[in-house]
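> Next one to model:
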Amino acid sequence: MQAEDDMPDPSNFAAVEGLAKVVAIEGAVAWLEPEQTTSCGGCASSLACGASAFGNRLHARRFPLDNVHELKVGDRIVIGVQESTLVTASMTAYAIPLVTMLGGGIIAHLAGFGDGVAILASVAGLAAGLFLARLRAKKLNAQGQLTPIYLRHAPSPAQSESCELN
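The predicted model follows:
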C-alpha cells in the first residue's frame, strides 16, 4: 500500500478504471471487492461466455486500500491502476514464461537434441519462467506498483444504471 503523499495526482493519472465496493474496515485499511461492470448475465450466452466466468472469479477477490478518504462499508468507489502498470503486469505474467519456454525449446533444438528433449526443455523453460514471473510479481507488489489507488466516489447503482435491454 502506498502512503498518501506517494500517490500520483488522480487528475494526471492515465488509468484503467474499475468499480469496487467497500466490504469491511479494519483500522486504517478498507477492504474492497471489485464490481462486475460488464452486462454479464443479461446476454443469452452468459452461461457459456468466458468473460462471465472471469468476471465471477474476479468478483470474489478482496484487496486492501489505505482508508485515507474515510470510506465506509457499502461505499462504491472508482479505483485505478496506471496503464503502464497494467502493461508491466501483463508482460510479467505472459511474456516471461513464454520467452523462457520458447528459449528452452530453441536452445535444445539448436544444440542438436531430438524433439523429445526439445519438448522437455520447453517445459523446463516454462517452469523457470513461471518461477521468475512469480518473483517479479512479488517485487512489484512489495514496491506498491500493483496496488490500485482511490480516484473518486462512484454513484450508487440506482444512479448509474443506464443499461436498457431492447
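
> Tell me which residues are up against stretch 134-142.
Residues from elsewhere that reach stretch 134-142 (C-beta atoms under 8 Å, 6 or more residues apart in numbering): 88-89, 92-93, 96, 146-147. (Each C-beta comes from the backbone N, C-alpha and C, glycine too.)

> redo that, cut-off 6 Å
Around stretch 134-142, the neighbours that count as contacts under C-beta atoms under 6 Å, 6 or more residues apart in numbering are 92, 146.

> Alpha carbons of that stretch, as CSV, please.
The C-alpha trace of stretch 134-142 is given here as CSV (Å, rounded to 0.1, in the frame of the first residue of the first chain):
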residue,chain,number,x,y,z
ARG,A,134,6.2,-15.0,-9.6
LEU,A,135,9.4,-13.4,-8.2
ARG,A,136,8.9,-10.3,-10.4
ALA,A,137,5.3,-10.0,-9.3
LYS,A,138,6.2,-10.2,-5.6
LYS,A,139,8.8,-7.5,-6.2
LEU,A,140,6.3,-5.3,-8.0
ASN,A,141,3.7,-5.9,-5.3
ALA,A,142,6.2,-5.1,-2.5
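
> Give me the buried positions along it.
Across stretch 134-142, burial judged by 16 or more other C-beta atoms under 10 Å covers 136-137, 140.

> could you pull out the helices for the protein?
Under the criterion DSSP state H, helices of the chain are mapped to 50-59, 83-90, 96-110, 115-142, 157-160.

> Among those helices, show me which one is buried the most.
Most buried of the helices of the chain by mean neighbour count (mean count of other C-beta atoms under 10 Å) is helix 96-110; its value is a mean of 17.
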